[in-house]
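K.L.:
Sequence first, predicted coordinates after that:
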Amino acid sequence: MERVATGIPGLDEMLSGGFLPQTANLVEGAPGTGKTTLGMQFIYHGIAVCGEPGLILTFEEFPQQYYDGAAGFGWDFRQMEREGKLRIVMTSPEVSKVDLEQVGGRIEGLVQEIGAKRILVDSLSHFERLSGSPSELRAVVYGFVNALKREGLTAVLTRESMALLGEAEDTDEALAFLVDSYILLRYVEIESAVHKALLALKMRGSNHDNGIRQFDITSRGIEVRAPFEGREGIMSGSPRRMMDSFVQAFVRR
Amino acid sequence: MEDMELDLTGRLMADMDPQLLEFLQSKVNSFVKWDLVNFFHDSPHTTDTAENIARYAGRGVETIRTELAELARDGVLEESRLGGMTVYSLASDPHVREMLDQFVKASDDRQFRVKAIYHIIRGMR
């Protein structure tokens, strides 16, 4: 089956080679966990390695912030824009939604102009200001996601989670049903140090590794490492040694 | 005496590329417009409402609404209707984009900025 590789060592292996083409892939995590970096790496790999131009749709950060962020990993996004392989579009959810609904809108024009195959939408959380009603929000996001697929794009959609450590607060989980894959990024505290964990929670139409992996943000981007071993409760933010749980469960005091 | 000094300052300040001077005097003739053209230069694919552009520029919407409309009237921006919203984007005219690029690059030079500020203040009188 054809795959859209992210170029992230470890993650592509977890996803059996990458995302499925023309799918919407949600990456959720707390501030600083690496959502945008993961999305930028997906775009960079597409352009530099797979010959697939990309679009970045940003609802908050200025294009300069992406140029600077990418340059930190040695990815020259400015040059990619000059070569017509990348477009960074700063806009708002309400405008991009209506624009995509139109025939011959500006985003559609940019996709056709550069032959874009990939898109990073940073972030989906901004759609929440369009409606206070979860069902209405779901309909809005559903239409938006389908419009991206209609344009032949494979999308990484970021979403913020406010929980720094531990279980995320009660958010609208309905959005998770609208996407084809759902990746969670979490901070984890182990022995007084904060680590980062990645979990591919869902991948529609494909097998995937559902282990919880440690990952680092290096000078080359994100690198996903081996699963956390000998611990449980990783996604709670405060894992325990499995032996401790065993003792708690089985050893009488 | 005061008139002579003003005349001398005027001549010093007029020492600017004529095309850029014309662009400045006829199109970027306020500090808010200067902010806005900088924003669209750095984010050339933005299409958005006055409310959102005000947020990006860190200005009040009432402050920028007129300036956006004037930049559109003068051909620097394009104003259009999108699903009941009035939205602004950078003009697609390559000549306008080239002038804007030259203007923003020239603004990196302190001497140019001083002269540009002089002309804007003079135009506001």
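P.N.:
Received, thanks.
K.L.:
Let's verify B:Ala116: helix, strand, or coil?
P.N.:
Secondary structure for B:Ala116, judged by DSSP: H, G, I helix; E, B strand; the rest coil, is helix.
K.L.:
what does A:Tyr187 give?
P.N.:
strand.
K.L.:
For it, the count of nearby residues, please.
P.N.:
If you count neighbours by other Cβ atoms under 10 Å in any protein chain shown, A:Tyr187 ends up with 18. From N, CA and C alone the C-beta is placed, and that goes for glycine too.
K.L.:
Next up, phi/psi of the residue in chain B that chain A sits nearest to, please.
P.N.:
Proximity to chain A, evaluated over chain B using Cβ to the nearest Cβ, is greatest for B:Gly83 at 3.6 Å. When read as degrees, to the nearest 10, the backbone of B:Gly83 gives phi 50, psi 40.
K.L.:
Also A:Gly10?
P.N.:
Dihedral angles of A:Gly10 (phi, psi; degrees, to the nearest 10) stand at phi 100, psi -40.
K.L.:
Just give the number of residues close to it.
P.N.:
A:Gly10, neighbours per other Cβ under 10 Å, totals 19.
K.L.:
Residue ranges in chain B under the pLDDT threshold?
P.N.:
Scanning chain B for pLDDT under 70 picks out the ranges B:1-14, B:125.
K.L.:
Flag every residue of it that's near chain A.
P.N.:
B:42-43, B:45-49, B:52, B:56, B:82-83, B:85, B:87, B:89 (Cβ under 8 Å from any Cβ of the partner chain).
K.L.:
so who does the residue of chain B closest to chain A touch?
P.N.:
A:98, A:101-102 (Cβ atoms under 8 Å, 6 or more residues apart in numbering or on different chains).
K.L.:
ditto for B:Gly60
P.N.:
B:Ala54.
K.L.:
A:Pro93 too?
P.N.:
A:59, A:126-127, A:129-130, A:144.
K.L.:
Now do it against A:Arg129, distance only.
P.N.:
Counting by Cβ to Cβ, to the nearest Å, the separation of A:Pro93 from A:Arg129 is 7 Å.
K.L.:
who touches the residue positioned nearest the centre of chain A in this structure?
P.N.:
Computing the C-alpha centroid of chain A and ranking residues by Cα atoms, centre = their mean puts A:Val27 first, at 2.8 Å. Counting by Cβ under 8 Å, 6+ apart, A:Val27 touches A:35, A:38-39, A:156-159, A:183, A:185.
K.L.:
helix/strand/coil for the spatially most central residue of chain B?
P.N.:
Centroid-nearest residue in chain B: B:Val28, 2.9 Å away (criterion: Cα atoms, centre = their mean). Secondary structure, three-state DSSP: B:Val28 is coil.
K.L.:
thought it was touching B:Val104?
P.N.:
No: judged on Cβ atoms under 8 Å, B:Val28 makes no contact with B:Val104 at a distance of 10.0 Å.
K.L.:
Spatially nearest residue to A:Lys117 (excluding sequence neighbours)?
P.N.:
Leaving aside its chain neighbours, A:Lys117 sits nearest to A:Glu52 (3.8 Å; criterion: Cβ to Cβ, 6 or more residues apart in numbering or on different chains).
K.L.:
nearest residue to residue 34 other than its sequence neighbours?
P.N.:
Reading this off chain A. A:Ile217 (5.2 Å).
K.L.:
my bad, the chain I had in mind was chain B
P.N.:
In space, B:Trp34 is closest to B:Val28, 5.4 Å off (Cβ to Cβ, 6+ apart).
K.L.:
and A:Ala197, how far is that from B:Leu24?
P.N.:
A:Ala197 is 54 Å from B:Leu24, by Cβ to Cβ.
K.L.:
Spell out which residues of chain A are next to chain B.
P.N.:
Checking chain A against chain B by Cβ under 8 Å from any Cβ, the hits are A:62-64, A:87-92, A:94-95, A:98-99, A:101-102, A:106, A:110.
K.L.:
thinking A:Arg78 is in contact with A:Asp68, fair?
P.N.:
No: the criterion here is Cβ under 8 Å, and A:Arg78 misses it with A:Asp68 at 9.8 Å.
K.L.:
coming back round to it: who are the neighbours in contact with the residue nearest to A:Gly34?
P.N.:
Taking Cβ under 8 Å, 6+ apart, one finds A:34, A:37, A:196 in contact with A:Ile217.
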